[in-house]
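Fold the following for me, if possible:
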Amino acid sequence: MMVLWLTLLLLHEGCTLTPVTTVQLGEPATFTCVSPDMLSNRIFWYKQSAGDALKLVVRLQKHAKPVFQAEFSASRFDVKVSENMSHLTILRTTEEDEGMYHCGVLEWSVITWSATYLSIEEQTTSSEFVALVIAIVCLVISVIGNIVFICHRSPRAACGQCKAVALQKNINRQSIQQSNKDTLVYSAVIFTMMRADSGAVKDATAVERERIYAAVKAFRLDQ
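Numbers count the residues shown, from 1 in each chain. Below is the predicted model:
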């Protein structure tokens with residue numbers, strides 16, 4: 001009987017292309033087997049690894065519970081049957097689950113075969129992703145550090161600016177006071193030099209005094 005099944009399987013695979021199902025490691029994988037009337041037939045699910053023979057996974061029969069083989073625990077596999085479909089599901093895939101899964105539907109003396117190849121891709125964290133995460137973490141730490149530094153330094157900088165402004169105002173005030181003192185001195189000198197009798201005749205000395213007065217007055221206006 002097994003030889004007949006293998007012969008039919010080889011003829012079937014030689015005439016058709018086998019579909020491929022690809023899942024990530026640890027994800028579930030489901031295979032589907034279609035038949036005109038599943039409830040009235042017997043169903044056999046097989047697994048075939050590369051370079052290995054067929055291994056029976058589960059056998060289903062009408063009005064009976066699925067019978068799993070010892071190597072394929074019911075805690076890892078689930079099988080369901082509807083009117084014209086049978087679904088075999090690996091709940092959590094491992095690397096050993098990769099291979100060809102065959103469904104054989106036996107109706108009287110006729111066997112209908114279908115096969116699906118399961119490809120497992122490992123879920124590995126790429127070096128580029130790790131580098132990206134490290135870069136993001138470093139950037140966040142740098143930004144937080146700069147914010148803390150600015151907040152810690154700002155009060156001191158503001159205080160220093162206030163002191164500099166106050167010092168500049170003090171210097172300007174002292175300069176203005178000194179300038180006012182110089183102007184008052186010139187005014188006193190001018191007042192003393194300009195005292196003369198209104199009826200006196202202006203001589204050379206008086207003319208010279210008027211020139212000095214005009215020069216000092218012009219100096220004050222320019223200021």
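
what about V143, helix or strand, and which?
Using DSSP states H and E, V143 sits within helix 127-193.

tell me the mean pLDDT over that helix?
Mean pLDDT, helix 127-193: 65.

Stretch 78-92 too?
90.

for that stretch, how far is the first residue from the last?
Length of stretch 78-92, first residue to last, C-alpha to C-alpha, to the nearest Å: 11 Å.

And for stretch 104-111?
With C-alpha to C-alpha applied, stretch 104-111 spans 6 Å between its terminal residues.

Which segments of this protein make up each domain?
2-121, 127-222 (automatic domain parsing).

Give me the three-state assignment for A115.
Following DSSP: H, G, I helix; E, B strand; the rest coil, A115 is assigned to strand.

for the spatially closest residue to it that is not a sequence neighbour, helix, strand, or coil?
Excluding the flanking residues, the one nearest A115 by C-beta to C-beta, 6 or more residues apart in numbering is H102, at 4.8 Å. Placement of C-beta: from N, CA and C, glycine included. The three-state label given to H102 by three-state DSSP is strand.

check contacts around H102.
9, 45-48, 54, 113-115 (C-beta atoms under 8 Å, 6 or more residues apart in numbering).

Quick one: neighbours of K47, just the number.
25 (other C-beta atoms under 10 Å).

Check the gap between the residue nearest to A115 and L118 for me.
Applying C-beta to C-beta, to the nearest Å, the value for H102 to L118 is 11 Å.

try V20
8 Å.

Roughly how far does the residue nearest to A115 sit from F72?
For H102 relative to F72 (C-beta to C-beta), the value is 13 Å.

joint contacts of those two?
K47.

More neighbours: V20 and L118, which one.
Shown here are V20 and L118; by other C-beta under 10 Å, L118 has more neighbours (19 against 10).

partners of that one in the sheet?
With DSSP bridges as the criterion, L118 is bridged to T21, G99.

my guess is it contacts D97, does it?
Yes - in this structure L118 lies within contact range of D97 using C-beta atoms under 8 Å: 6.2 Å.
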